Structures are given as C-alpha cells and as structure tokens.
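K.L.:
can you look at this prediction? I've put the sequence above it.
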Amino acid sequence: MKFSPKHMLSLALVLALILTILPTAGNAESRPNADTRAGCTANCHTNNAAFLNADWFNGNIALSDQQIADYVNKLKQYKIKYQFVDVGVLIDSNTASNGSLPAAGYSKLANWIKVSRQTDPNQLIIPALNYGSRAPRVNGVKTPNPNFGTQTFKANLNAAANKLVNTGLQINGSGTFYKADGIHLDIEGFISNDTVLLGTLQYLRDNALASNTNFSQSTPADFGSSPVWSNAFIAQVGAILNQVQPMIYDQMGWGSPIVDAASYQALWTQEVKRYSTALDGTSSKLMPTMPAYEKKTAEDGTVYHDPAVESLYNAAKGLQAAIASPGGANVHGASIFWWSHFAGYHPTVYAPALYQADQSNWLNEWVNHP
C-alpha cells in the first residue's frame, strides 16, 4: 500500500466528526454482529487478513520450505484467514504493456502456495496487485491518469488475474499448477466516484474473475463531510467486489482533526458505520484495515502517521464502537497493514514495544473481543 498525504480540512469539522459516532437508528435484522457475539470470549473475529512482504514472493528474500511454514503458522496463530501477498506493481505506460504485471513479482509464489496449503489449507492466498498512478499530482493538482482503465490496461490486468487464479503457476516452470484463491487490488490515488475504476473492476468481474469469490479492493477513508467516495459509489463498488478494505490510516497532518486517540477512534467508528451502511443491499463484506507500522513524515516535515495516535489499539476501539452502536455495523473481519512489522520481523524499524503491544491488542481488543 502506498502512503499518501491527505487533503486540508478546517478544524470546524472536528465537531461534525465526533457527532457521527452518536447513536443512530438502524436495521437490527441486517446488522447481526453485536447480538450474535455478545457472549463470545474467544475467537470472536477470525475472518481476518494480513498484507505480506513482497520480498517473500519475488525472490529478494530466499525462503526455505520450513521458513514458509513458520510464517504461515504465525499467521494462523493470530487468526489470519486471508493472505494478501504483494506480487508487484502494474505497469503504467502508453504502450502495449500498459496494465500488465511483471512476472518477477510472483516468481516464488507457486512454492509459497504449495507450502502454505500443506501447512494450513484454511488460509486463502490472494495476490495483491498495486497501482499508485491512478491520479498523480500535476502542478499540485490531482489529475486522472489517461493510461488507467484503457482497453489495453484492462486486457493486460485481466490476463494477469487469469494467470494467477485460473491457469496457475508452476514451480520453476514445471510440474503442478498452483492457483491463487482470488485477487486484491490497491489502486491509488483515489478520485471522486471514479467511474473508470468502476469499469475496470466490472471488466475483471465479467471475465477472469466471473466466478471468483475473493475479489477485493483497498478503498479510501475520509474525515471530512464530503468523502471522496460517496455512499452510493461504495454501493456500486460493493456490487462488483466480494470484499472492501477501507484504509483508515495516514489521516493526520495538514489541518486534519485527527490529532489524538479520541479523534482517531471517532474516525474509525464513523467510517466503519458509513461503509457498513453503504454496503447494505450488496453481498460485499467489510474488512477495514488497521495500521501497524512506524511514524511517517512527508517531505515538508508533516507527520501524517504517528503510531502513538493511529495505533492498532485505537483502531480496534473505534471498530468495537461501530459494531456496538445501535444497528451494529456489519463487519466481516479486519486487516493488518503491515504484517512484517506486526509480526516483529523488522524490530529495528518497528520496535518491540510497538509490535508486542499490537500483538496483544489484536488478540484482546479484536480477535477475542465480542
């Protein structure tokens, strides 16, 4: 996932943000979570996802079968069902390669699939395809990229999805074909009610992913009164996808009202409730993404992510409040970004005090929380 700064907002919107978490009327029959999990004390939320390290699948880090098994067992320990495996970035160009996925990014994925399924067949392996050029800034203005969503782009993206999910991959080019379980897209930056994106998603659904049940997308979160994706547009996206993952982080700085634990928890409650309401009437499942990574600072010195504020704990508390609110937000599971930091694989970047707290809070405030 690409870290990106957020737009300016007047402090007058802080009050509006807090007001969004006050009780509202809802349809109890369509929001079963709060009631059905009220007495739960363990394994209450197990439909969870984790975003995994690209270097495990492109060969930059050589992994033995035992190492892969150890990684998969760690995922199992923290009740991860969906592995979002980073297989690289889609090509952005005005040539015939536009929208294609370089094979180097998934050169070691076949063996990962083999060992992962031997170790824990219940975990689903879903390649995450990235594209950070949807709307680059030109002279400071976010501008739609004309390369995105063209017929060439869609055809190449569809070919990549078809290869990963329907044809499968071989280990070193021979033997068994190992097929992934679905496709996840992270297409940024976001623009308002992006009909070109919608058409691209529909193209995949009509072709390579016509019968797939694990087609998902990372989506925007907003603290303002005019979100970049309206509820109606979220419903359109949800009508195509099986899962929606709002990225509720990187929301600080540049006049943002997200300045402390209370405001970040309120943002989580607001956005989870908004997405849940928007997805009513679709079969798409809501899986908001929690942060587990180090402080992030923009080139101008602005901190747009501080784990002291945008923490996994605060995310979980805001998520709990959304589920417990009248009507109860309908949440399938939660995602962790970024797994390698959460798991303690990069202790010099994300200190033990941080990842150990995340691990404890993940279990206590989410997995084993009603």
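P.N.:
Sure thing, it's come through.
K.L.:
starting from the lengthiest strand in the chain, tell me which strands it pairs with and how they run.
P.N.:
Assignment by DSSP state E gives strand 80-89 as the longest strand of the chain. Strand 80-89 sits in its sheet next to strand 48-52 (parallel), strand 124-131 (parallel), going by DSSP bridges.
K.L.:
so which of the ones you listed gets nearest N368?
P.N.:
strand 48-52 (12.1 Å; C-beta to C-beta). The C-beta positions use only the backbone N, C-alpha and C, and glycine is treated the same way.
K.L.:
coming back round to it: what distance separates the longest strand of the chain from the centre of its chain?
P.N.:
10 Å (C-alpha atoms, centre = their mean, to the nearest Å).
K.L.:
same check on stretch 236-256?
P.N.:
Taking mean C-alpha positions (C-alpha atoms, centre = their mean), stretch 236-256 and its chain are 8 Å apart.
K.L.:
tabulate the CA atom coordinates of that stretch in CSV.
P.N.:
Output in CSV follows, covering the C-alpha atoms of stretch 236-256 (Å, rounded to 0.1, in the frame of the first residue of the first chain):
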residue,chain,number,x,y,z
GLN,A,236,-21.6,0.3,-6.8
VAL,A,237,-18.2,-1.0,-5.9
GLY,A,238,-19.7,-3.4,-3.4
ALA,A,239,-22.0,-4.8,-6.1
ILE,A,240,-18.9,-6.0,-8.0
LEU,A,241,-16.5,-7.0,-5.2
ASN,A,242,-16.6,-9.7,-2.6
GLN,A,243,-14.7,-7.6,0.0
VAL,A,244,-14.0,-4.0,0.6
GLN,A,245,-11.0,-2.8,2.7
PRO,A,246,-11.1,0.9,3.7
MET,A,247,-7.6,2.1,4.7
ILE,A,248,-8.3,4.0,7.8
TYR,A,249,-4.9,5.5,8.5
ASP,A,250,-2.5,8.2,7.2
GLN,A,251,-5.1,10.7,8.2
MET,A,252,-3.0,13.1,10.2
GLY,A,253,-1.4,16.5,9.4
TRP,A,254,-2.2,19.5,7.2
GLY,A,255,-5.0,20.7,9.3
SER,A,256,-6.6,17.3,9.9
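K.L.:
got the buried residues for that stretch?
P.N.:
Buried residues in stretch 236-256, counted by 16 or more other C-beta atoms under 10 Å: 236-253, 256.
K.L.:
just stretch 193-210 next, same as before
P.N.:
193-194, 196-198, 200-201, 203-205, 208-209.
K.L.:
over to the closest residue to V309 other than its chain neighbours. Which of the three states is it?
P.N.:
Distances taken as C-beta to C-beta, 6 or more residues apart in numbering put Y264 closest to V309, at 5.4 Å, once the chain neighbours are dropped. Under DSSP: H, G, I helix; E, B strand; the rest coil, Y264 falls in the helix class.
K.L.:
residues in contact with I68?
P.N.:
56, 111-112, 115-116, 119 (C-beta atoms under 8 Å, 6 or more residues apart in numbering).
K.L.:
at 7 Å instead, please
P.N.:
112, 115-116 (C-beta atoms under 7 Å, 6 or more residues apart in numbering).
K.L.:
that older thread, now tabulate the buried residues of stretch 193-210 in TSV and tack on pLDDT.
P.N.:
Below are the buried residues of stretch 193-210 laid out as TSV (pLDDT from 0 to 100):
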residue	pLDDT
N193	93
D194	97
V196	98
L197	98
L198	98
T200	98
L201	98
Y203	98
L204	98
R205	98
A208	98
L209	98
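K.L.:
with respect to F153, which of these is nearest?
P.N.:
T200 (7.3 Å).
K.L.:
would you verify that the closest one is located in a helix?
P.N.:
Yes: applying three-state DSSP, one finds T200 inside a helix.
K.L.:
hmm, who's touching the longest strand of the chain?
P.N.:
46-54, 57-58, 75, 101-102, 105-106, 109, 112, 122-131, 184.
K.L.:
separation between A103 and N53?
P.N.:
Here the criterion is C-beta to C-beta, to the nearest Å. By it, A103 lies 18 Å from N53.
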